[in-house]
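A.B. asks: Sequence and computational prediction follow.
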Amino acid sequence: MNLHNFIANRKPDAIYLQTEKAAYTYAELLSFVTNFEKQFLTDANEVIALKIKNQALLAFCSWACLIHRKSFVLLPFHIDSNLEEHLLEEASCNVLISSKENLSTSFGVGDFTSQRIKEQTVKKEEPHVSKIGFLSSGTTGKPKLIWNTSQQFSTSLTTTHEHDFMPYTKAQNVLITPFLTHSYGFSALLEYTQGKSTIYIPSEATFAGIFRLMAKKEIQAQVTAIEAVPYFYKQLLVFQKKIHFSNLKHIGFGGDFVHDSLLQSLWNVYKNVSFSIRYGVSEIPSVIGLNTFSRLEDNTNSYEIHPRYTVTTENEIVVSNNYNATQIATGDIGFIEEGRLFVIDRKASFLKVKGYKVSPNYIEKVCMDSGMIQEVHVLTKNDVLIAEIIPLANFDKVCLKNYLRSQLPNYAVPDKIRAVETIERTQTGKIIRP
């Protein structure tokens with residue numbers, strides 16, 4: 001699939017991307033891509049690092065690199081200098097392109113500063129492979145660099161299109177809340193662009209930026225689909241009296257386990273939406289499996305496997321694609337039944353307490369099902385099982401303990417339940433586990 005066709009064969013004056021500050025057309029995007037190529041993409045073998053604060057500008061730069069098969073790394077704008085230096089070295093970046101701190105609603109190549117890091121050392125006879133690098137926080141919060149190739153993205157999108165794997169991405173006004181520097185946000189940008197949707201993103205890659213965008217009444221009326229992690233939707237429910245999407249048709253999840261109680265709460269507010277829950281890992285530039293349903297009773301809690309991938313399970317889930325023999329062990333525990341993938345837990349997340357192996361995700365799910373808490377984090381300390389909770393108004397510790405005893409084996413019932421104000425999470429909303 002030619003990624004250039006994603007944006008070239010559209011009405012020039014049609015809106016492609018919308019932030020809380022401005023709207024940008026396909027003509028503006030194509031003009032920017034041409035100017036960016038002339039300014040920065042003269043050497044095919046260079047690896048560019050993009051450190052761009054404005055997400056619309058970052059999307060434009062990414063399209064320029066994708067179309068011209070330039071290898072690039074997406075860096076968060078606010079990043080520790082030591083980590084930045086380490087990542088630039090690890091990624092063998094030659095040029096760092098950064099933007100001004102504050103930009104007007106219209107921008108161009110004159111808004112960049114570029115810094116040459118080192119001279120090109122790649123041998124000319126080596127074939128150039130176009131790659132995209134992401135900074136992944138995983139579930140531990142420890143950053144790591146993940147490489148994908150542009151060909152992987154292109155092949156995944158081609159397969160998605162040929163098999164109509166994501167019909168919900170077509171002709172939407174989609175709010176993408178994972179930042180474009182994360183593989184989920186970037187993949188969603190491409191998937192919905194392929195579906196000829198209009199993209200809504202905050203100009204600033206912060207949670208405050210997301211809520212500034214959503215606070216606008218005209219945006220709330222326009223948005224028809226949302227892509228987000230479960231933690232975002234929990235916050236959205238808190239602000240439902242101020243923020244309501246009157247024309248919402250689809251709710252998409254990614255990034256973490258989705259509790260039935262959260263689905264029910266969203267269904268209570270948005271009665272006519274369909275749902276999608278994507279399963280993927282950062283090392284793979286596409287959704288591996290997809291769970292879609294229009295009614296809560298049709299939720300199988302399992303995933304249809306993307307036609308591009310072959311998935312095997314021997315306790316741990318292993319994925320390979322049909323064009324490459326490379327296998328990736330995902331770190332997830334699951335099984336396949338009647339052609340559908342069931343994910344049970346993360347290999348690294350199991351806890352050992354009192355000689356038993358327990359699943360914090362499952363205990364957290366049961367805690368949430370009680371209907372008495374807003375958030376929960378299960379951990380161990382000195383062989384004691386602890387549930388840190390953010391309680392709801394109807395919380396009663398004795399009632400919660402009794403409920404947990406009725407649902408869990410004795411060794412999995414938390415020894416201590418303590419209320420906290422916040423639960424530490426990664427930038428994508430996952431609970432940080434030691």
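C.D. replies: Cool, the structure landed. Numbering: from 1, shown residues only.

A.B. asks: what's the burial count for Glu85?
C.D. replies: With neighbours defined by other CB atoms under 10 Å, the count for Glu85 comes to 12. All C-beta spots, glycine's among them, are computed from the backbone N, C-alpha and C.

A.B. asks: before we move on, what about Asn301?
C.D. replies: Counted with other CB under 10 Å, Asn301 comes out at 13.

A.B. asks: how about the helices in the stretch 151-300 of the chain?
C.D. replies: In the stretch 151-300 of the chain, the helices defined using DSSP state H, counting those that start in this stretch lie at 183-194, 207-214, 217-222, 230-238, 260-269.

A.B. asks: Of those helices, which stretch is the most buried?
C.D. replies: helix 183-194 (a mean of 24; mean count of other CB atoms under 10 Å).

A.B. asks: and the longest helix anywhere in the chain, which residues are buried?
C.D. replies: Identified as the longest helix of the chain according to DSSP state H is helix 26-40. Within helix 26-40, the residues scored as buried using 16 or more other CB atoms under 10 Å are Tyr26, Glu28, Leu29, Leu30, Phe32, Val33, Phe36, Glu37, Phe40.

A.B. asks: Distance to Arg295 and mean pLDDT added to the helices of the stretch 151-300 of the chain, as TSV?
C.D. replies: TSV is the format used below for the helices of the stretch 151-300 of the chain (distance: least, CB to CB, whole Å; pLDDT from 0 to 100):
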stretch	distance to Arg295	mean pLDDT
helix 183-194	24	94
helix 207-214	26	92
helix 217-222	25	96
helix 230-238	18	90
helix 260-269	9	92
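
A.B. asks: Export the ones you listed as CSV, with columns for distance to Tyr303.
C.D. replies: Output for those, formatted as CSV (distance: least, CB to CB, whole Å):
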stretch, distance to Tyr303
helix 183-194, 15
helix 207-214, 27
helix 217-222, 30
helix 230-238, 16
helix 260-269, 15
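
A.B. asks: Okay, now the sheet partners of the lengthiest strand in the chain, with direction.
C.D. replies: Counting residues, the longest strand found in the chain (DSSP state E) is strand 324-337. Taking DSSP bridges as the criterion, strand 324-337 forms sheet pairs with strand 316-321 (antiparallel), strand 340-346 (antiparallel).

A.B. asks: contacting residues around it?
C.D. replies: With contact meaning CB atoms under 8 Å, 6 or more residues apart in numbering, strand 324-337 is reached by 281, 283-284, 288, 302, 311-313, 315-320, 341-348.

A.B. asks: can you tell me which two in the buried residues of helix 26-40 are farthest apart?
C.D. replies: Maximum pairwise distance among the buried residues of helix 26-40 (CB to CB): 21.1 Å, between Tyr26 and Phe40.

A.B. asks: quick revisit: reformat the strands paired with strand 324-337 as CSV; add mean neighbour count and distance to Thr113.
C.D. replies: What follows is those, written out as CSV (neighbours: other CB atoms under 10 Å; distance: least, CB to CB, whole Å):
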stretch, mean neighbour count, distance to Thr113
strand 316-321, 19, 38
strand 340-346, 18, 40
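
A.B. asks: which stretch among those strands comes nearest Pro230?
C.D. replies: strand 340-346 (14.1 Å).

A.B. asks: tell me the mean pLDDT over that closest one?
C.D. replies: What strand 340-346 shows for mean pLDDT is 90.

A.B. asks: Low-confidence ranges, the stretch 1-150 of the chain, go.
C.D. replies: Within the stretch 1-150 of the chain, the stretches with pLDDT under 70 are 1, 118-127, 137-142.

A.B. asks: Which parts of it are helices?
C.D. replies: Listed in chain order, the helices of the stretch 1-150 of the chain (DSSP H, counting those that start in this stretch) span 5-8, 26-40, 55-67, 81-90, 150-162.

A.B. asks: Of the ones you listed, which stretch is the most buried?
C.D. replies: Compared across those, helix 55-67 shows the largest average neighbour count, a mean of 24 (mean count of other CB under 10 Å).

A.B. asks: Can I get it in CSV? Just the C-alpha atoms.
C.D. replies: The C-alpha coordinates for helix 55-67 follow below in CSV (Å, rounded to 0.1, in the frame of the first residue of the first chain):
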residue,chain,number,x,y,z
GLN,A,55,1.0,17.3,17.8
ALA,A,56,-0.5,18.6,14.5
LEU,A,57,3.0,19.6,13.4
LEU,A,58,4.4,16.2,14.6
ALA,A,59,1.7,14.5,12.5
PHE,A,60,2.8,16.5,9.5
CYS,A,61,6.5,15.7,10.0
SER,A,62,5.7,12.0,10.4
TRP,A,63,3.8,12.0,7.1
ALA,A,64,6.7,13.6,5.4
CYS,A,65,9.1,11.0,6.7
LEU,A,66,6.7,8.1,5.9
ILE,A,67,6.0,9.2,2.4
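
A.B. asks: Show me what that helix is packed up against.
C.D. replies: Using 3 or more CB pairs under 8 Å, 6 or more residues apart in numbering; DSSP states H and E, the elements in contact with helix 55-67 are helix 26-40, strand 47-51, strand 71-74, helix 183-194.

A.B. asks: Describe which strands the second one pairs with in its sheet and in which direction.
C.D. replies: Yep, that's strand 47-51 we're talking about. Next to strand 47-51 in the sheet, as set by DSSP bridges, lie strand 71-74 (parallel), strand 95-99 (parallel).
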